[in-house]
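Peer 1: Below is the sequence, then the predicted model.
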Amino acid sequence: MNAWNELLANLAIVAISTALWTFGHGRVVRYLPRWKRLIFGFVMALGTLCAMMMPFHFSSGVNLDLRYTFLAISGLFGGPIAAFPPLIVAVSKRIVDGGTGLTVAFPQIAMATGSGLIAFKFAKDRVPSGWTIFVISTAVVFSGTVGFFVKVPLDQWNVVMPYVVLPFAALLFTSSTVAGLAISQEQKRYDATELNRIYRAIIEALPDCLNAKDVSGRFIAANPATASLMNAGAPENLIGNTDFDFYPPEAAQVFRADEERLLNGGTPVAVEQRVTRPDRVEIWLSTLKVPLKDVDGKIVGIITHNREITDRKLLERELAESEIRLSDAVASIADGLAMFDKRGVQIFNNARYIELFPLTANVRSGGECLRTIIRAAIELGEEPQIVGNIDDYIERSVDALLRPGDRQMRLADGRWIEARTRETSSGGCLIAFSDVTGAKRAEEELRALNQRLEQLAHTDGLTGLWNRRAFDEAIEKSVSTATVAGHGPSLLMIDVDRFKAYNDTYGHPAGDTCLKSVADCISAMMHSFSGSVVARYGGEEIAVIIPNTSSAAAMSTAKLIGSQVRSLQLPHTGSEKGIVTISIGVANLSDGNMRSRGELLRAADEALYNAKAAGRDCSRAVIRAQASMHV
């Protein structure tokens with residue numbers, strides 16, 4: 001009862017089935033990839049059937065064969081789909097065979113199948129390792145021999161073990177190991193072939209140049225991009241040749257020097273260089289050379305990756321030229337420029353910016369905070385002295401400068417600087433500083449000129465008093481204000497007595513001098529009356545507006561003015577008084593319910609008429625009982 005000879009046929013069936021699958025595996029994966037596991041299962045099912053048809057008859061109803069190898073291997077490499085066909089065949093054939101070992105065979109079949117499926121799950125679609133195959137082979141031995149220890153009496157073990165169990169276990173382990181390793185190696189070979197195909201496809205499609213050389217500089221591999229760069233036609237034309245066969249000697253020598261440096265140092269070399277192609281066209285290449293090593297770590301060649309960067313170099317040159325032009329433009333503009341990030345830190349400035357602030361030039365540089373710059377300007381006297389909390393002033397100034405808008409500031413030396421802030425896309429800001437001192441002075445001079453012109457437009461050229469236009473505006477404003485406030489101004493209409501006779505006697509130039517003297521006297525007299533207006537009403541008439549005063553006070557003022565003019569003692573032989581005198585008519589808006597300037601003017605004119613009628617050189621007032629006309 002020796003199992004060796006009878007089970008060798010089973011071992012051959014395992015070998016044939018394994019060879020059949022490894023031979024056809026590549027074609028199945030290529031043409032029927034979705035059916036791969038099922039086809040593998042049918043091949044293992046066929047092997048299972050053949051093995052069970054040539055068993056070793058251990059005893060009546062107990063047959064031994066290598067079915068367990070097929071069951072475990074199918075589950076290990078194909079999962080449930082591949083394990084199902086051999087399982088069905090094994091169970092069906094064992095039922096047909098019948099016998100006393102039927103009850104033991106089913107658990108053994110289940111254990112062999114289950115061990116393969118468990119290993120498949122843990123492998124997670126990876127090719128099983130040698131250690132996994134060893135474990136599965138051990139599990140196959142256990143599932144195939146465990147029945148002996150259940151069915152064979154203990155007193156027969158010394159006979160069964162050496163002649164049946166050990167040979168059977170050895171054949172199970174050997175068949176499982178050989179089949180597992182063979183199928184595993186086939187899958188690894190196929191995966192490596194497929195990976196190489198993918199790598200080759202990638203390399204050939206790569207737009208960059210990729211090639212390999214031996215230590216002598218001869219090409220041993222190259223992609224189409226390399227052949228195109230070197231005008232070699234096809235990659236095959238490069239194999240066995242060197243750079244000296246395609247490039248000018250000086251360019252090839254540069255390439256070879258880089259390669260020798262790599263071979264001597266053993267470290268990658270990266271360079272950017274201008275190269276003259278075989279067609280005499282100059283290009284720029286970014287080159288990376290790395291050592292090609294064998295399994296022992298010895299350098300056996302060089303892998304070179306070339307990328308043409310001619311367009312990038314041209315863009316870099318254009319960018320550099322643009323930056324130079326921009327720098328020149330920024331440096332030549334009249335405004336000072338400073339850029340700050342969103343934290344208020346200065347990151348850029350031009351020379352003009354430094355020139356505008358000479359006292360703080362040393363702190364107005366990149367990396368300084370705007371708060372530090374302003375504090376230095378205060379401490380060094382570039383900005384006027386600050387009254388109050390300096391920190392609050394600095395925070396307000398920083399907030400104003402960093403916020404988009406325009407702002408003018410006066411420096412301690414009297415210069416005016418305008419700061420125009422614009423926000424940048426990064427959240428910071430660009431500030432343009434302009435010296436507007438000249439414009440500011442011109443503005444102030446223009447304002448003074450306008451004030452002077454306005455003054456001239458409202459001033460009488462002879463007397464220096466307000467003219468009729470200014471008087472009309474003043475009386476209108478006084479009446480309007482008095483109407484709202486509930487109290488009115490007083491109006492004094494003054495006329496130089498016998499002024500026509502004065503001109504006839506002394507001449508018009510002397511008359512102008514006389515009128516100017518009288519006007520100066522009245523103006524000086526009224527200077528102490530706040531808000532009063534003295535104007536030349538026309539000819540020798542002068543009008544005085546006294547706001548917020550009563551009729552009695554206005555009459556007293558009129559008498560005082562008349563006295564002051566008499567005190568001038570200006571000779572006037574054409575007057576019965578012998579000197580220059582004046583007549584004054586007094587009216588108050590509050591008297592007689594007057595509500596308009598027209599009524600007030602008529603009342604003052606009437607009072608002046610009464611003063612003249614009373615012999616001149618006096619003051620008279622008219623209180624109207626009822627306002628009868630509105631202008």
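Peer 2: The structure has been received and is ready for your questions.
Peer 1: Pull out the buried residues from stretch 580-595.
Peer 2: Neighbour counts using 16 or more other CB atoms under 10 Å place 580-592, 594-595 of stretch 580-595 among the buried residues. For glycine as for every other residue, the C-beta is placed from the backbone atoms N, C-alpha and C.
Peer 1: My error: substitute stretch 180-199 in the last question.
Peer 2: For stretch 180-199, the neighbour count (16+ other CB under 10 Å) marks 180-184, 186-187, 190 as buried.
Peer 1: which regions of the stretch 1-150 of the chain lie under the pLDDT threshold?
Peer 2: Within the stretch 1-150 of the chain, the set of residues satisfying pLDDT under 70 comprises 1-6, 58-62, 99-101.
Peer 1: can you pull out the helices in it?
Peer 2: 3-31, 36-53, 67-97, 102-123, 130-151 (DSSP state H, counting those that start in this stretch).
Peer 1: next structured bit after the host helix or strand of residue 228?
Peer 2: Applying DSSP states H and E as the criterion places residue 228 in helix 224-229. Counting by DSSP H and E, the next helix or strand C-terminal to helix 224-229 is helix 249-265.
Peer 1: and the helix or strand just after that next one, how far from the chain's centre?
Peer 2: Reading on from helix 249-265 to the C-terminus, the next helix or strand found by DSSP H and E is strand 269-276. How far strand 269-276 lies from its chain's middle: 34 Å, per CA atoms, centre = their mean, to the nearest Å.
Peer 1: again with stretch 315-326
Peer 2: Centre to centre, stretch against its chain (CA atoms, centre = their mean), the figure for stretch 315-326 is 22 Å.
Peer 1: tell me the phi and psi of residue 418?
Peer 2: Backbone geometry at residue 418, expressed as degrees, to the nearest 10, gives phi -100, psi 130.
Peer 1: Would you confirm that residue 233 contacts residue 227?
Peer 2: Yes: assessed by CB atoms under 8 Å, residue 233 is found in contact with residue 227 at 6.2 Å.
Peer 1: which residues does residue 620 contact?
Peer 2: Neighbouring residues of residue 620 by CB atoms under 8 Å, 6 or more residues apart in numbering: 584-586, 607-608, 610-611, 614.
Peer 1: Could you dump the buried residues of stretch 180-199 into CSV and include pLDDT?
Peer 2: Formatted as CSV, the buried residues of stretch 180-199 follow (pLDDT from 0 to 100):
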residue, pLDDT
180, 89
181, 92
182, 90
183, 90
184, 90
186, 88
187, 88
190, 86
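Peer 1: Now intersect these with the strands, please.
Peer 2: Counting by DSSP state E, no part of the buried residues of stretch 180-199 is found in strands.
Peer 1: can you tell me which of those residues are in helices?
Peer 2: Applying DSSP state H to the buried residues of stretch 180-199, the entries found in helices are 180-184, 186-187, 190.
Peer 1: closest to residue 30 among those residues?
Peer 2: When those are compared for distance to residue 30 (CB to CB), residue 190 comes out closest, at 9.6 Å.
Peer 1: Apart from its chain neighbours, what residue comes closest to residue 488?
Peer 2: residue 589 (2.7 Å; CB to CB, 6 or more residues apart in numbering).
Peer 1: so that neighbour touches residue 489, yeah?
Peer 2: Yes: distance between residue 589 and residue 489: 5.8 Å, which falls inside the contact criterion (CB under 8 Å).
Peer 1: Identify the contacts common to these two.
Peer 2: Common contacts of residue 589 and residue 489 (CB under 8 Å, 6+ apart): 478-479, 482, 600.
Peer 1: got a winner among those residues for most neighbours?
Peer 2: Most neighbours among these, by other CB atoms under 10 Å: residue 600, with 28 neighbours.
Peer 1: My guess is that one contacts residue 589. True?
Peer 2: Yes: taking CB under 8 Å as the contact criterion, residue 600 and residue 589 are neighbours in contact, 5.3 Å apart.
Peer 1: Name the residues contacting each of these two.
Peer 2: Common contacts of residue 600 and residue 589 (CB under 8 Å, 6+ apart): 479, 488-489, 491.
Peer 1: wait, what's in contact with residue 511?
Peer 2: Neighbour list for residue 511: 499, 502-503 [criterion: CB under 8 Å, 6+ apart].
Peer 1: mind redoing it with 10 Å?
Peer 2: Applying CB atoms under 10 Å, 6 or more residues apart in numbering to residue 511 gives the contacts 496, 499-505, 540.
Peer 1: ok, now how distant is residue 620 from residue 500?
Peer 2: From residue 620 across to residue 500, the span is 21 Å (CB to CB, to the nearest Å).
Peer 1: same deal with residue 346?
Peer 2: Residue 346 is 78 Å from residue 500, by CB to CB.
Peer 1: More neighbours: which of these two?
Peer 2: Comparing residue 346 with residue 500 by neighbour count (other CB under 10 Å), the higher total belongs to residue 346, at 22 against 12.
Peer 1: Surely the more buried one is within a helix?
Peer 2: No: Residue 346 sits outside any helix when classified using DSSP: H, G, I helix; E, B strand; the rest coil, being strand.
Peer 1: Am I right that residue 392 is in contact with residue 374?
Peer 2: No: counting by CB atoms under 10 Å, residue 374 is not a contact partner of residue 392; they are 12.0 Å apart.
Peer 1: Who has more neighbours out of the two?
Peer 2: Applying other CB under 10 Å to residue 392 and residue 374 shows that residue 374 carries more neighbours, namely 22 against 10.
Peer 1: List the buried residues for the strand or helix carrying the more buried one?
Peer 2: Here residue 374 sits within helix 370-379, counting by DSSP H and E. Neighbour-count burial for helix 370-379, counted by 16+ other CB under 10 Å, picks out 370, 372-378.
Peer 1: Now find how far off-centre it is within its chain.
Peer 2: Averaging C-alpha positions (CA atoms, centre = their mean) puts helix 370-379 28 Å from its chain's average.
Peer 1: Brilliant, that's me finished.
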